[in-house]
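Undergrad: Requesting a structural model of the entry that follows:
(one chain, ligands or ions: 2)
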Amino acid sequence: NCVIDARQLVKIYRNGAEQLKVLDNVSIKVNKGDFIAILGPSGSGKSTLMNILGCLDTPTAGQYYLDGVDVLKASDNELADMRNQKIGFIFQKFNLLPRLTAEQNVMLPLLYRGMAEEAARQLAREKLTILGLGDRLQHRPNELSGGQQQRVAIARAIVGSPQLLLADEPTGNLDSKSSGDAMEIFKELNRRGNTIVIITHDIEVAEQVKKIVYLRDGKIYEN
Ligand code: ADP
Ligand code: ADP
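TA: Ligands and ions are numbered 1, 2, ... in the order given. Down below sits the predicted model:
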């Protein structure tokens with residue numbers, strides 16, 4: 001039932017003789033169906049924590065179990081598989097591939113897993129249509145608005161039915177209307193059982209989720 005079980009994470013960046021402790025014994029649990037915001041000011045260690053929870057970086061010390069798997073004992077290949085199969089990532093800058101159409105961008109994680117092209121296309125179209133982009137399948141990112149690009153990115157994140165959606169400042173590049181739309185999509189996904197962690201410095205975003213966890217000076221506060 002526990003998707004994320006991270007215990008006493010420490011992250012120290014070394015720069016020559018200097019040391020910067022960015023995470024100081026951070027523990028966080030996320031259960032299936034949770035909808036959590038990790039809220040902290042710029043420089044508080046949010047991206048560092050996101051990278052560790054997303055298996056993109058490893059802590060200096062601590063333990064991390066993702067969906068029951070000991071992440072810190074996994075090989076680089078196993079980590080890549082975990083990222084691809086267990087996590088859907090959503091970023092502030094959307095991170096879509098500019099030369100690919102909306103449909104192709106959403107197909108990519110499925111093709112990477114070895115799904116046949118036609119099956120992947122079918123699923124990609126389904127997700128894009130659910131998110132209101134049924135008439136934008138063949139558009140490239142620069143032919144779409146920011147809000148539309150973020151919906152393509154959300155479709156890409158959910159298309160493989162990952163255990164966890166991890167969103168880093170997902171509304172940071174959006175106007176207030178698109179930002180509200182994106183939050184409504186996250187709420188609907190959560191109502192349908194998706195487990196979602198949003199990392200943000202925006203209190204208005206954080207207030208829309210079920211639970212806020214505060215990150216300040218590398219430490220976690222629940223209230
Ligand atoms: P946030 O996402 O909350 O802004 P970050 O995790 O990006 O916080 O950064 C936290 C602190 O760690 C900052 O002081 C930043 O300068 C420092 N930092 C981040 N990444 C590195 C790195 N690779 N090497 C050294 N210092 C870093
Ligand atoms: P099922 O829930 O049986 O998988 P649905 O057609 O209800 O089938 O949903 C298919 C997928 O689309 C699911 O991943 C669901 O989370 C997502 N989904 C459906 N409707 C919406 C919606 N209005 N907003 C966001 N996601 C949706």
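
Undergrad: quick one: Arg113 and Pro162 touch, right?
TA: No: counting by CB atoms under 8 Å, Arg113 stays clear of Pro162, with 11.1 Å between them. In this view, the C-beta of every residue, glycine as well, is placed from N, C-alpha and C.

Undergrad: Who has more neighbours out of those two?
TA: Pro162 (22 against 12; other CB atoms under 10 Å).

Undergrad: buried stuff in the top helix by length along the chain?
TA: For the chain, the longest helix by residue count, based on DSSP state H, is helix 176-191. Across helix 176-191, burial judged by 16 or more other CB atoms under 10 Å covers Ser178, Ser179, Gly180, Asp181, Ala182, Met183, Ile185, Phe186, Leu189, Asn190.

Undergrad: contacts for it?
TA: The set of residues external to helix 176-191 that reach it, using CB atoms under 8 Å, 6 or more residues apart in numbering, is 33, 35, 131, 145-147, 150-151, 154, 158, 165, 167, 170-171, 174, 196, 198, 205, 208-210.

Undergrad: hmm, try it at 6 Å
TA: Here helix 176-191 makes contact (CB atoms under 6 Å, 6 or more residues apart in numbering) with Phe35, Gly146, Gly147, Gln150, Ile154, Pro170, Thr171, Ile196, Gln208.

Undergrad: Filter these down to the ones in helices?
TA: Short answer: the contacts of helix 176-191 in helices (DSSP H) are Gly146, Gly147, Gln150, Ile154.

Undergrad: Read off the pLDDT value for the third one.
TA: Gln150 is assigned a pLDDT of 97 by the prediction.

Undergrad: Burial check on it, number of neighbours?
TA: Neighbour number of Gln150 under other CB under 10 Å is 29.
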